[in-house]
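Visitor: Generate a structure from the sequence data that follows.
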Amino acid sequence: MNELVIEDLHAQVETEKGVTPILKGVDLVVKSGETHAVMGPNGSGKSTLAYAIAGHPRYVVTKGSVRLNGQDVLEMSVDERARAGLFLAMQYPVEIPGVSVSNFLRSAATAVRGSAPNLRDWIKEVKGAMTELGMDEKVAERSVNEGFSGGEKKRHEILQMSLLKPKIAILDETDSGLDIDALKVVSEGVNRFRTDPQTGVLLITHYTRILRYIKPDHVEVFVGGRIVERGGPELAEELEAQGYERWTKAKVA
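Guide: Numbering: from 1, shown residues only. Alright, predicted model coming up:
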């Protein structure tokens, strides 16, 4: 079983204006076979949690621990975290001009797997994954995310996930900017990934619409840099009906 354990995690973000504390003691365990939906209003720190786990240099962990199968994630470089089995699908995927999708994917697979995949098998694998996501094969020759629509960028993120086969996938607002058709396709890609019992998913969102297609096992409400409520899928239904007001009012009080 694979397991991501986050204990008492505190983190701050460094900007030109100074240092701002964001995470204020996060405790969370994501096990293989589980899907966690971390939900909260904008500005609550959900994306900071994702970036702190992934190792973004702007987000500095000041206290607490993150462990994947007992290994100290915070002591790893970004590429070591990927090789250990962590994956982050970003809310705003970056463009990489001059690097084709096909070269990017094969380089990433080589880094994660430890050796270059057999070219013939790899081409077949990539084509199959692209077909499942409704992606034109010509996308493989385009520069990574350059000129991509929002839906194409998110499909590319899920394509990476399906090919790299991480132990724990962190999806940061994957539903952001997607129309209903793209949302369904991306959700189907995530659900195919979830069929592997050795994988776990941490799905970060502030909308419940993606949860109509990706059914979580656990729902955590995230407000003010910490988890303030935990429950099952019924908690998402409460959020759909009532929003976050109950928890945001409690935080102000």
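
Visitor: could you list every residue that touches residue 227?
Guide: Counting by C-beta atoms under 8 Å, 6 or more residues apart in numbering, residue 227 touches 26, 27, 28, 38, 220, 221. All C-beta spots, glycine's among them, are computed from the backbone N, C-alpha and C.

Visitor: close enough to count as contact, the second one and residue 4?
Guide: The one in question is residue 27. No - Residue 27 is beyond contact range of residue 4, at 12.0 Å (criterion: C-beta atoms under 8 Å).

Visitor: So for these two, which residue has more residues nearby?
Guide: residue 4 (24 against 14; other C-beta atoms under 10 Å).

Visitor: In which helix or strand does that one reside?
Guide: Per DSSP states H and E, residue 4 falls inside strand 3-15.

Visitor: now for that strand, which elements pack on it?
Guide: Packing contacts for strand 3-15, counted by 3 or more C-beta pairs under 8 Å, 6 or more residues apart in numbering; DSSP states H and E, involve strand 18-31, helix 46-54, strand 59-68, strand 200-205.

Visitor: tilt between that strand and helix 46-54?
Guide: Angle between the axes of strand 3-15 and helix 46-54 is 110 degrees (criterion: axes from the mean of the first three to the mean of the last three C-alpha atoms, to 10 degrees).

Visitor: In contact with the residue nearest to residue 60 when sequence neighbours are not counted, which residues?
Guide: For residue 60, ignoring the flanking residues on the chain, the nearest one in space by C-beta to C-beta, 6 or more residues apart in numbering is residue 12 at 5.4 Å. Counting by C-beta under 8 Å, 6+ apart, residue 12 makes contact with 19, 20, 21, 22, 23, 59, 60, 62.

Visitor: By neighbour count, which of the residues you listed wins?
Guide: Tallying neighbours with other C-beta under 10 Å puts residue 23 at the head of the contacts of residue 12, with 26 neighbours.
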